[in-house]
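Asks: Here is a sequence with its predicted model. Questions after.
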Amino acid sequence: MDRAVITPASAPLRGIIHIPGDKSVLHRRAVLSLFTRNSIRIGNFGSGDDCSTTLRCMERLGKDVVRQGRDVIISGQAHFASGNLDCGNSGTTARLLMGILAGREGEWILTGDESLSRRPMERVAIPLRKMGARIELTDRHLPARIVGTRLKSVEYDSEIASAQLKSAVLLAGLAAEGITRFREPVSTRDHTERLLGLSPDAAGWITLDPTRIHIDESGLSAFVPADISSAAFWIASAIAIPDSELTLPAVLMNPRRSAYIDVLRRASANIVIEDEHESGTEPAATLKVSGSKLAAFRIHGGLAAQCIDEIPVLAVLAALARGRSEFHDVQELRVKESDRFRLITENLRLMGAKIERNKDSFFIDGGTRLHGAEIETGKDHRIAMTFAAAGLAATGSTVINEPSCVSISYPGFWDDMKRIAPGSVLLEC
C-alpha cells in the first residue's frame, strides 16, 4: 500500500463504529501483568503494532500470551532474564519498561525502529538515575542498556508534563526502598495511577509506598474502552460533514483524556454522551455525534497536555470553524512519532488553511474551504488518519502517502472508512 486517495464524502456519514481498546490503557494493563502470577484477561485488545510489541516484550519476560478473538489472556510468572527487547515504534513500551527493569536483577538492551530511536529518552533516564538506576543511552536515545540494580526512593518535581515519564518513575518505585513521590507541572493521563490506586494530594504530589501497593487484578482483567484518540477522527468527520450521524460505543471517558470532547462541546459540537459506565478502573460512554457548525477555540497549558494526541485533528476542525483558533504550549508535538507540529501546519497550508506559527504555538483563521493536496505523513499514524478525515470534508482529491502506518494503532481504519464513506477511499499499491 503506497498511498490512499481520499475524495469528498458523497453523502452524510451514518453508522456505528466499534473502535479498538485504548492504547495507553492496554500497554499499562499488559506491563502490570508482570507483577502478578494469576491469569488476567484483557478485553477489546487491539491488534495494532504498538500493542502487539508490548505483548511480545511480555513473552520475552516470561509471560504466556494467548489471543482469543478480541481478548488477550496473559498468565504465568515473569522471568526477568537478561536479553534484548525490541520496542518497535512504541515509546510507551520503551519508557514503561525502563522504569520496571531498572530495579530488577539482569541486563537488557532496549531497541526501537528508526522513528522511536529519534524520540527523547533522557527525560526518563534522569529521574531513574536519581533512584540509582544504571541506564546508558545512545546520544540520549535508544538503544538503551539497562543494568538492574537496587533502587532508592526519590522525590521528583518534574518540569516536563509526560505521562510516560511519570509512569516510569512510579513503576520503578515499586522496586525501590522507601517512599517515592512525583509531581508534574500540569495533569497528564492517569491510567497508571488508577491501576495502582494512587491519586495526587492537594499540592499535586503522588506518593507511592511499595509496601502498601496492591495491584487489583480485577482492574487488569476488564474490557478496555475504545481508544478516544482513534475515536477523534470519526468525531471530527461527523462534525465536518453536514447531516452526519455516527455512534461510537464504549469510548474511554477518563477526565484527563476527554478534554478533546470538552473542547468541541464548548465550541458547539453536537456530541451526545449516553450509557456512562465503569470498565475496570476507567470510565466509558457511548458517543453520538452529528454534523455541527463550530466556533473557534483556544488550546493552552494543561489542556494542551491532556489532548496532545488529538491536536492534529483539532487543527483540521479549527480550519473549518468560525473565527481564529489558537494552539499554545504544543511543543511536545515535535517529539512524537514525527514532528507533528511541522506536519500539521505544512499539510494544512497545502490544503488551503490560513495558519501562522511560532516556536511552540500556531494560529488558524477558520472558515476556509479546504481543498485536496498530497499529504506528507512522516509514517505517523495520527497524521495519516487526521488528513484522511480532512479529505472527506475537502474539495478534490487528497493523497495520503504511506497509509499503512495506521497499523501502529488502528489497523482497521481504512476498512472502517470504506464502510462509513463508500466510494471515498482508494488504496493504491
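Replies: Nice, I can see it.
Asks: Any regions of the stretch 251-400 of the chain where pLDDT drops low?
Replies: Low-confidence segments of the stretch 251-400 of the chain, defined by pLDDT under 70, are absent.
Asks: For it, which segments count as strands?
Replies: Listed in chain order, the strands of the stretch 251-400 of the chain (DSSP state E, counting those that start in this stretch) span residues 270-279, 282-290, 298-299, 324-327, 354-357, 362-365, 374-375, 398-401.
Asks: Take those strands and write them to a markdown table, including distance to residue 259 and mean neighbour count.
Replies: All C-beta spots, glycine's among them, are computed from the backbone N, C-alpha and C. Output for these, formatted as a markdown table (distance: least, C-beta to C-beta, whole Å; neighbours: other C-beta atoms under 10 Å):
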| stretch | distance to residue 259 | mean neighbour count |
| --- | --- | --- |
| strand 270-279 | 13 | 13 |
| strand 282-290 | 14 | 21 |
| strand 298-299 | 9 | 20 |
| strand 324-327 | 13 | 20 |
| strand 354-357 | 22 | 16 |
| strand 362-365 | 18 | 21 |
| strand 374-375 | 26 | 21 |
| strand 398-401 | 26 | 22 |
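Asks: can I get the ones you listed in a markdown table with distance to residue 407?
Replies: Putting the strands of the stretch 251-400 of the chain into a markdown table (distance: least, C-beta to C-beta, whole Å) gives the following:
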| stretch | distance to residue 407 |
| --- | --- |
| strand 270-279 | 25 |
| strand 282-290 | 24 |
| strand 298-299 | 28 |
| strand 324-327 | 28 |
| strand 354-357 | 29 |
| strand 362-365 | 28 |
| strand 374-375 | 17 |
| strand 398-401 | 14 |
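Asks: Mind checking those for the one nearest to residue 249?
Replies: Taking C-beta to C-beta as the criterion, strand 282-290 is the member of these that comes nearest to residue 249, at 4.9 Å.
Asks: what angle do the closest one and strand 270-279 make?
Replies: For strand 282-290 and strand 270-279, the angle between their directions (axes from the mean of the first three to the mean of the last three C-alpha atoms, to 10 degrees) works out to 160 degrees.
Asks: got the contact list for strand 282-290?
Replies: Defining contact as C-beta atoms under 8 Å, 6 or more residues apart in numbering, one finds that strand 282-290 is touched by 22, 25, 191, 194, 224-226, 231, 234-235, 238-239, 243-255, 261, 269-278.
Asks: same check, this time on stretch 185-193
Replies: Counting by C-beta under 8 Å, 6+ apart, residues outside stretch 185-193 touching it are 24-25, 28, 158-163, 166-167, 170-171, 198-200, 206, 254, 256-257, 281-282, 301-302, 305-306.
Asks: Can I have the buried ones of those as a PyMOL selection?
Replies: Selecting only the buried entries of those in PyMOL, with 16 or more other C-beta atoms under 10 Å as the criterion:
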select buried, resi 24+25+28+158+160+161+162+163+166+167+170+171+198+206+254+256+257+281+282+302+305+306
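Asks: Can you tell me the number of residues neighbouring residue 230?
Replies: Residues lying near residue 230 (other C-beta atoms under 10 Å) number 29.
Asks: helix or strand for it, which one?
Replies: The secondary structure element spanning residue 230 is helix 228-240 (assigned by DSSP states H and E).
Asks: how distant is that helix from the center of its chain?
Replies: Its chain's C-alpha centre lies 15 Å from the corresponding centre of helix 228-240 when counted by C-alpha atoms, centre = their mean, to the nearest Å.
Asks: In CSV, list the C-alpha atoms belonging to it.
Replies: Taking C-alpha atoms only, helix 228-240 is exported to CSV below (Å, rounded to 0.1, in the frame of the first residue of the first chain):
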residue,chain,number,x,y,z
ILE,A,228,-10.6,8.1,22.4
SER,A,229,-7.6,9.2,20.3
SER,A,230,-8.8,6.9,17.5
ALA,A,231,-12.4,7.9,18.0
ALA,A,232,-11.3,11.5,17.5
PHE,A,233,-11.1,11.1,13.7
TRP,A,234,-14.6,9.8,13.4
ILE,A,235,-15.9,12.5,15.7
ALA,A,236,-14.2,15.1,13.6
SER,A,237,-15.6,13.6,10.3
ALA,A,238,-19.1,13.5,11.6
ILE,A,239,-18.9,17.2,12.8
ALA,A,240,-17.4,18.4,9.5
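Asks: I am finished for the moment; much appreciated.
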